[in-house]
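Visitor: task: produce atomic coordinates for the following.
(2 chains)
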Amino acid sequence: MSKLGSLKLPLLILAIVLLVLLPADLTGMGLPWPGLKRYGIYILSLWLVTAIAAMGVNLIVGYAGQETLAQAAFLGIGAFTTALLTKAGIPFFLAFLASGVLAFIVGVLLGFPALRVQKQYLAFVTLAFSVFAWLVIRNEDWLTGGVSGMAVDRPVILGLSFKPALTFYWFTLAVTALLTFAMWWLLASPWGRAFTALRENPIRAESLGIDVRDYTLLAFAIGSGYGGFAGALYAPLVEFIDPAPFALAPSLLYLLMVVVGGAGSFIGPFIGAGVAVLLPEWLRFAEDYYLVIYAAMVIALMAFCPTGIVGLIERLLTPRRRPHADDKGPALSEAKP
Amino acid sequence: MSTVLEVRDVAKSFGGVHAVRGVSFEVREGEILGLIGPNGSGKSTLFNCILGQLTPTRGDVLVDGRSVTGLRPSELNRLGMSRTFQLLQVFPQLSVRENLILAGQEHEGSRFGRLFGPRDAGLSGNAERMIEFFRLGHLANEKAGGLSYGQQKLLDCAMAFMAGPRLVLLDEPAGGVNLTMLANLKERLQAINKETGATFVVIEHNMEFVMSLCSRILVLAEGAIIAEGPPDTIRKDPKVIEAYLGH
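Guide: A predicted model of the protein is given here:
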């Protein structure tokens, strides 16, 4: 096991504790940490929501080996479903579930014909869908508010208001933890193994009884469902939604996050989303050159480490293992029936 | 012995190229049938037609008397048909054990049951037995991509047997395998055949290997069967010598 592998559990616990405490004012507990201001808490919450959407893309791209250019559209489906349902008086919990389920269903409906072609053709189909969904959001004023957008309230669940930034952050963190656990469960199950198989060698997978069409469709729909869940959190986080965040360019950014973080790595989407959300803050001094710097970093990363930041870290932490004569196992000549 | 596989007048054309021209044969239960022929004679195309990778231009494939033509490879696998490929087809990023579990998991329970069931689909025990049987024990946790060619070939074969198939089609199992390993591969295959009664169809270019492993040989040339019989008869058949053996 690599150094990184043996540190997984302690690192996970440390990360959770840090994420819970980071934005909170700890001076009351005698610790010299005043917590984060409202904007800092917003950025952290946005990172979590973005990571959920990127986890979905990672399932589709990194594990199942397909393409998607429509994750922002699925975010839009989730965001507007939650906005419209909560406005109609439906409890947030149900609206949240409906957002994920609707995105899943749209994923199935879109994927069913599209996955007959797969890969780059699926990319074109999702690209077309992305533009279509954005046009619907922009032009159907009666439903979405069009370019004027729509205000969204933060939820009140069982009498507890999630209006304050810190409370909503903790809520987002809890939901992210739940969805992350669900993704881990899925990937560690025989389904996860089947997803990996269809990425690595679909012809062999099919010959082993793995229904490549069904599993690809499932990966695409579940990944899209994660986009829906992210959208359901995004709407109350920003408290106002308009068509812009659900266009094609943000979809490309979700794909980029997964590639930069490390496609097919469980932690990759969190790192990729972190880079996408935090880097603009760090690069504020560069103003309009932010995207140029970002692009240059991505080109450099892809050229020198195509497995993304996670791949880079693993490469640095794992000692090089060179083949050695003693590595050979017993020769088959020693085998006995 | 009953007929497990029946191929009836199967033909496959790619545009104007007739790769397989109306081939018919039967394979009996427990038999090890060899399929030989020069390069380009249509052996692998015939395999692909039998196993659903290709749809035959005409003809029918029957398993236990039931037509399976047009079924997808995954459906055929779940009916108990398994295969290896001419070129190595393991999953390099998965460990040897994971490759084997993957090879058997779709036969265990329902798809949704597998999502909430044990992570190994209850197959760790079977995988360990297969690892021991193919003498891969010291490599169980190694990524398959890091194995030598011969070891990957063994894993490839082991995967084909993981789900306890009734009918196994092996496409050049001896290709690229050294002589020592070859003798043992043959021994392993014969042992499985004896223990489980599984039926094999083997494509092979290595004459010694195929003649000593198989009880009956079919010879394919230019997409058609030109000879059929026990190995000793095939060796002496003038048509075979002319078309394939070359001496």
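Visitor: nearest spatial neighbour of A:Phe93, chain-adjacent residues omitted?
Guide: Nearest residue to A:Phe93, sequence neighbours excluded (C-beta to C-beta, 6 or more residues apart in numbering or on different chains): A:Ile157, at 6.5 Å. For every residue, glycine as well, the C-beta is placed using N, CA and C.
Visitor: contacts only, for the one you found.
Guide: For A:Ile157, the contact set (C-beta atoms under 8 Å, 6 or more residues apart in numbering or on different chains) comprises A:Pro91, A:Phe92, A:Phe93, A:Phe171.
Visitor: any low-confidence regions in the chain?
Guide: I went with chain A, as the question did not name one. A:1-5, A:117-118, A:319-337 (pLDDT under 70).
Visitor: right idea, wrong chain: chain B
Guide: For chain B, the stretches with pLDDT under 70 are B:1, B:244-247.
Visitor: now the helices: where do they sit in it?
Guide: B:43-50, B:73-78, B:96-105, B:111-116, B:124-133, B:149-161, B:179-196, B:207-213, B:231-236, B:238-240 (DSSP state H).
Visitor: thinking again about what came up before, mind giving me JSON lines with the contacts of A:Ile157 and columns for distance to B:Leu88?
Guide: Output for the contacts of A:Ile157, formatted as JSON lines (distance: C-beta to C-beta, whole Å):
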{"residue": "A:Pro91", "distance to B:Leu88": "55"}
{"residue": "A:Phe92", "distance to B:Leu88": "52"}
{"residue": "A:Phe93", "distance to B:Leu88": "50"}
{"residue": "A:Phe171", "distance to B:Leu88": "50"}
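Visitor: what does the stretch 101-250 of chain A put close to chain B?
Guide: Contacts of the stretch 101-250 of chain A with chain B, taken as C-beta under 8 Å from any C-beta of the partner chain, map to A:186, A:188-191, A:193-194, A:196-197, A:200-201, A:203-212, A:214.
Visitor: show me those that map onto helices.
Guide: Using DSSP H, these in helices are A:186, A:188, A:190-191, A:193-194, A:196-197, A:200, A:203-207, A:212, A:214.
Visitor: what's the most distant pair in these?
Guide: Pairwise distances among these were taken by C-beta to C-beta; the largest, 25.0 Å, belongs to A:Ala188 and A:Ile203.
Visitor: can you tell me how far B:Arg111 is from A:Ala95?
Guide: Applying C-beta to C-beta, to the nearest Å, the value for B:Arg111 to A:Ala95 is 29 Å.
Visitor: nearest the middle, which residue of chain A would you pick?
Guide: A:Ala54 (1.9 Å; C-alpha atoms, centre = their mean).
Visitor: follow-up on the earlier one: deepest of the helices of chain B, which one?
Guide: Mean neighbours per residue, mean count of other C-beta atoms under 10 Å in any protein chain shown, is largest over these for helix B:96-105, with a mean of 26.
Visitor: need the residues that contact the strand or helix carrying A:Ile293.
Guide: A:Ile293 belongs to helix A:290-304 when elements are defined using DSSP states H and E. Residues outside helix A:290-304 that contact it (C-beta under 8 Å, 6+ apart): A:Leu256, A:Val259, A:Val260, A:Leu279, A:Pro280, A:Leu283, A:Arg284, A:Ala286, A:Gly308, A:Ile309, A:Leu312.
Visitor: look at A:Ala24 and say how many residues are nearby.
Guide: Neighbourhood size, A:Ala24 [other C-beta atoms under 10 Å in any protein chain shown]: 18.
Visitor: so what's it up against?
Guide: Contacts here follow C-beta under 8 Å, 6+ apart; on that basis A:Ala24 touches A:Gly35, A:Leu166.
Visitor: A:Arg199 versus the residue lying closest to B:Asp64 once chain neighbours are set aside, what's the distance?
Guide: Once flanking residues are discounted, B:Asp64 sits nearest to B:Val4: 6.5 Å by C-beta to C-beta, 6+ apart. Distance of B:Val4 to A:Arg199, computed by C-beta to C-beta: 34 Å.
Visitor: if we can go back for a sec, select only the buried ones of the residues of the stretch 101-250 of chain A next to chain B in ChimeraX?
Guide: Remark: buried members of those, expressed as a ChimeraX selection using 16 or more other C-beta atoms under 10 Å in any protein chain shown:
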select /A:186,189,190,191,193,194,196,197,200,201,204,205,206,207,208,209,210,211,212
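Visitor: still on that earlier bit, would a markdown table of the helices of chain B with distance to chain A be doable?
Guide: As requested, the helices of chain B are arranged in a markdown table below (distance: least, C-beta to the nearest C-beta, whole Å):
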| stretch | distance to chain A |
| --- | --- |
| helix B:43-50 | 10 |
| helix B:73-78 | 4 |
| helix B:96-105 | 4 |
| helix B:111-116 | 4 |
| helix B:124-133 | 9 |
| helix B:149-161 | 7 |
| helix B:179-196 | 4 |
| helix B:207-213 | 14 |
| helix B:231-236 | 22 |
| helix B:238-240 | 30 |
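Visitor: may I see these organised as a markdown table, with distance to B:Ser24 added?
Guide: As requested, the helices of chain B are exported to a markdown table (distance: least, C-beta to C-beta, whole Å):
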| stretch | distance to B:Ser24 |
| --- | --- |
| helix B:43-50 | 11 |
| helix B:73-78 | 19 |
| helix B:96-105 | 31 |
| helix B:111-116 | 37 |
| helix B:124-133 | 34 |
| helix B:149-161 | 25 |
| helix B:179-196 | 24 |
| helix B:207-213 | 21 |
| helix B:231-236 | 18 |
| helix B:238-240 | 18 |
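Visitor: list the contacts of stretch A:124-142.
Guide: For stretch A:124-142, the external contacting residues (C-beta under 8 Å, 6+ apart) are A:67-70, A:72-73, A:76-77, A:80, A:110, A:113-114, A:117, A:144, A:146-148, A:243, A:246-248, A:251.
Visitor: what's the answer for stretch B:51-68, then?
Guide: With contacts defined as C-beta under 8 Å, 6+ apart, stretch B:51-68 is touched by A:203, A:207, B:2-13, B:20, B:22-24, B:45, B:47-50, B:69-73, B:75-76, B:79-81, B:83, B:167, B:169.
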